[in-house]
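Undergrad: Curious how this folds, go ahead:
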Amino acid sequence: MPLKDFGAEIIAQYGIQRHHDWGKIARQHLIGQPKCLICGLNVLYNLIQEGSCNVHHKYPLQHCIAVNRPDLELDRRNMFTVCARHFDHHHLLIGHLEDWESYNPHLETTIALVRNLTQVQIRNTIMFCEAVKNRPKPLKEWSEAEKNIFKNHLEEVMPRRS
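TA: So this is what the prediction gives:
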């Protein structure tokens, strides 16, 4: 059963399409990391309910392409399994801090702090409220200076692989 690609609509707004190997790489990732990192929902649930787990890119493709890092679309260091069930939707809630145009720059820390909390509990944490308030703005609002800061950050945390 195909996984719903929530990012495809966003990247299309920037004239970007997924790499032709994306589906294969996403499936391989889900085999290696088959559960939502927040609630533990198993990707096998997809057999019953389409799209219940997704591969989330910590750094969204449109941001990566804007700073000449399209390699990060298929880089597993940039991939995290999260659920996309309507009542939890950790992909949107944690991965994008409730805005598909944004992302969570502190994803790993957030996951560690909210693991196994309900959506209501997560939304009531000071950490989550601050993260939403300070989430990165949409790429279309970034200045060249902000793109350069982001590019330098990516080179530091996810250096190019040879």
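Undergrad: Please make it C-alpha for all contacts and neighbour counts, starting now.
TA: Noted.
Undergrad: so what's residue 42 closest to, chain neighbours aside?
TA: In space, not counting the residues next to it along the chain, residue 42 is nearest to residue 35; the distance is 4.3 Å by Cα to Cα, 6 or more residues apart in numbering.
Undergrad: so the one you found makes contact with residue 43?
TA: Yes: taking Cα atoms under 8 Å as the definition, residue 35 is a contact partner of residue 43 at 5.6 Å.
Undergrad: what do these two both touch?
TA: Residues within reach of residue 35 and of residue 43 at once, by Cα atoms under 8 Å, 6 or more residues apart in numbering, are residue 53.
Undergrad: before we move on, back to that, now the residue nearest to residue 42: how far from residue 117?
TA: If you measure residue 35 against residue 117 using Cα to Cα, to the nearest Å, the figure is 15 Å.
Undergrad: per-residue confidence for residue 47?
TA: If you check residue 47, the pLDDT there is 51.
Undergrad: Can you list the neighbours in contact with stretch 101-121?
TA: With Cα under 8 Å, 6+ apart as the criterion, stretch 101-121 contacts 10, 37-40, 58-60, 87-88, 94-97, 122, 128, 131, 135-139.
Undergrad: you'd agree residue 23 is in a strand?
TA: No: the assignment for residue 23 (DSSP: H, G, I helix; E, B strand; the rest coil) gives helix, which keeps it out of a strand.
Undergrad: what does the longest helix seen in the chain contact?
TA: Across the chain, the helix with the greatest residue count (assigned by DSSP state H) is helix 144-157. With contact meaning Cα under 8 Å, 6+ apart, helix 144-157 is reached by 64, 66, 67.
Undergrad: what's near enough to touch the last one?
TA: Neighbour list for residue 67: 147, 148, 150, 151 [criterion: Cα under 8 Å, 6+ apart].
Undergrad: what about the last one, neighbour count?
TA: By the criterion of other Cα atoms under 10 Å, residue 151 has 17 neighbours.
Undergrad: and what of the first one?
TA: Summarising burial for residue 147: neighbours were counted as other Cα under 10 Å, giving 16.
Undergrad: Next one, pLDDT for it please.
TA: Residue-level confidence at residue 147 comes out at 98, pLDDT.
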